[in-house]
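Visitor: Give me coordinates for this.
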Amino acid sequence: MSAAGKITSMMRISSLKKLVTDSMAIDMGTANTIIAVKGRDIVLDEPSVIAVNELSGEITAYGRDAHDLLGREGRDITVLAPLNGGVVADFERTKKMLAHFVRKSKSGGSQMSLQAVMSMLGDVTHVEQRALLNAAEDAHIGRVFMMEEGLAAAFGAGVVPRDKRASAVIDFGAGTTNIAIVARGNVVHSRSERIGSNEINLALANHLRRHRGLQVGEETTETIKTTFATGFMPDDVSKSIVVRGRDVQTGSPGAVEITTGEIYPVVEGIIRRIAQVISDTLTELRPEVASDIYDRGIILTGGGALLDGIDQYLRNFVNLPVTIADEPRYATVHGLLSMFDEPELLEKVSRNEFHFLQNSEIPFEA
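Guide: I've put the predicted structure just below:
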C-alpha cells in the first residue's frame with residue numbers, strides 16, 4: 001500500500017473511532033441519572049426530569065435545566081419525572097431523556113456507544129426490564145448489559161467480587177430501598193421496596209400544610225431534608241429555621257419557624273419503616289450468611305445514606321455495625337463501571353440483554 005493509501009486508511013479508521021465512545025455505566029434513578037465512562041469516571045449527574053410543553057407535547061428541557069424550572073414553570077410548561085420507583089413510567093419520554101443524557105456524555109462527536117451496563121431493581125419485571133433495555137438501544141448504544149442494582153452498589157462500595165463471605169448492602173435511593181446480600185459475586189438474597197428518601201419530602205410537605213398552614217414546594221422540602229433534618233434524635237431540639245411558602249388560609253406568601261424537634265418525628269416515621277424492612281429481611285438469611293453479616297455489619301449506599309444520623313439510627317434499630325460507603329451516591333455507577341475491568345464477571349452477572357434475574361417468574365430463554 002502506498003503512503004497516501006496508508007494515510008487515507010488511517011483517516012478512515014480515525015473517523016470510525018469517532019462513531020464509538022468508551023464503555024458507559026448508566027445508573028438511571030428516580031431522582032438522578034448518573035453516567036460514568038471508562039477512563040473518564042463520572043461525566044453526567046443530573047435530575048431525572050423533563051419539562052414538557054402541554055400544548056405541543058414537546059420536551060423543552062432536560063435534567064438540570066428542567067429541574068431549575070420546578071415550582072416556577074411557565075404557564076404551559078410542566079416538569080415531569082418519567083421514571084417512578086426506579087422503573088419506567090413513561091417509555092417514550094424516558095427514551096428521549098436517556099438519549100439526551102447519553103449524547104451529553106459522549107465526546108469527540110461520537111454517534112454510537114460501543115457498550116453500556118445499566119442498573120435495574122432486583123424485583124424488576126420482564127416488561128420493566130425490556131423498557132429500560134429498549135430505551136438504551138434507542139439511545140444508539142450498541143450492546144447493553146443489565147445488572148442488578150444491589151450487586152452494582154456492593155461492588156462500588158468496596159465488596160470484593162470473589163469474597164466467599166457475605167456482605168449486606170442497603171441502597172437507599174429516592175424512590176426505592178434495595179437490600180442485597182452478596183457473596184462470591186452473586187446476590188444470595190435481596191429485597192426491594194418502593195419507598196425511599198422522597199417519602200421524607202412528602203411527609204415534610206404534608207406536615208407543614210396540615211399542622212402549620214403552609215404549602216411548600218419540592219425544592220423547599222429537599223432543602224429541609226438535606227440541610228436541617230436528621231435521622232437520629234438531635235442534641236438541640238430547639239434549633240430552628242424559617243420556612244417560606246404559601247399560606248393555606250389566605251393564599252398569600254407566608255413563613256413559619258420550625259425546629260428540629262418538631263420535624264424529627266416526621267422524618268423518623270419514614271426511617272422506621274425502612275429500618276423495619278431491613279430488620280425483617282435479616283431474619284430471612286441462612287445461618288452462615290447471618291453469621292457473616294453479624295461480623296461485618298451493613299454498608300449504606302445511595303443518596304439517602306447522606307441523611308444526617310441515619311447510620312446511627314439503623315445501628316440502634318438492627319443492633320449491627322452500620323457504615324456509609326465512600327461517595328454513597330456514586331456507589332452503583334462505580335460498581336457498574338468496574339465491570340468493564342472484569343469482563344468474565346460481567347458476563348456472569350448479566351450474560352446479555354436476554355438474561356433474566358434468578359427470582360424472575362419468567363424462565364430464561366436461550
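Visitor: Next, count neighbours for L202.
Guide: 12 (other Cβ atoms under 10 Å). Where C-beta positions appear, they are placed from N, C-alpha and C, glycine not excepted.
Visitor: same thing with the one 10 residues further on?
Guide: Applying other Cβ under 10 Å, we find 19 other residues in the vicinity of R212.
Visitor: Equivalent analysis for R273, please.
Guide: Neighbours of R273 using other Cβ under 10 Å come to 13.
Visitor: Could you do P287 as well?
Guide: 7.
Visitor: Need phi/psi at it.
Guide: phi -50, psi -40 (degrees, to the nearest 10).
Visitor: How confident was the prediction at it?
Guide: Here, the pLDDT recorded for P287 equals 96.
Visitor: any idea how far I299 is from it?
Guide: Going from P287 to I299 by Cβ to Cβ, to the nearest Å gives 21 Å.
Visitor: same question, E137
Guide: E137 is 33 Å from I299, by Cβ to Cβ.
Visitor: higher neighbour count, those two?
Guide: When E137 and I299 are compared for neighbours, I299 comes out ahead with 25 against 15, by other Cβ under 10 Å.
Visitor: OK, contacts around that one?
Guide: Taking Cβ atoms under 8 Å, 6 or more residues apart in numbering, we find I299 in contact with A154, A157, G158, V159, S167, A168, V169, I170, T323, I324, A325.
Visitor: got it, and N134?
Guide: F91, K95 are the contacts of N134 under Cβ under 8 Å, 6+ apart.
Visitor: One more: A229?
Guide: Counting by Cβ under 8 Å, 6+ apart, A229 makes contact with I200, L204, T260, I263, Y264, V267, L307, D308.
Visitor: Need phi/psi at it.
Guide: phi -70, psi 160.
Visitor: ok, back up a step: in terms of distance to I241, which of the contacts of A229 ranks first?
Guide: Distance to I241 across the contacts of A229 (Cβ to Cβ) is lowest for T260, with 8.8 Å.
Visitor: any idea how far the closest one lies from T221?
Guide: Here the criterion is Cβ to Cβ. By it, T260 lies 15 Å from T221.
Visitor: now swap in N198 and tell me
Guide: 9 Å.
Visitor: Between these two, which contacts overlap?
Guide: Between them, N198 and T221 share no contacting residue, judged by Cβ under 8 Å, 6+ apart.
Visitor: Which residue, neighbours along the chain excluded, lies closest to Q312?
Guide: F232 (4.4 Å; Cβ to Cβ, 6 or more residues apart in numbering).
Visitor: what's the neighbour count on the one you found?
Guide: F232: 19 surrounding residues under other Cβ under 10 Å.
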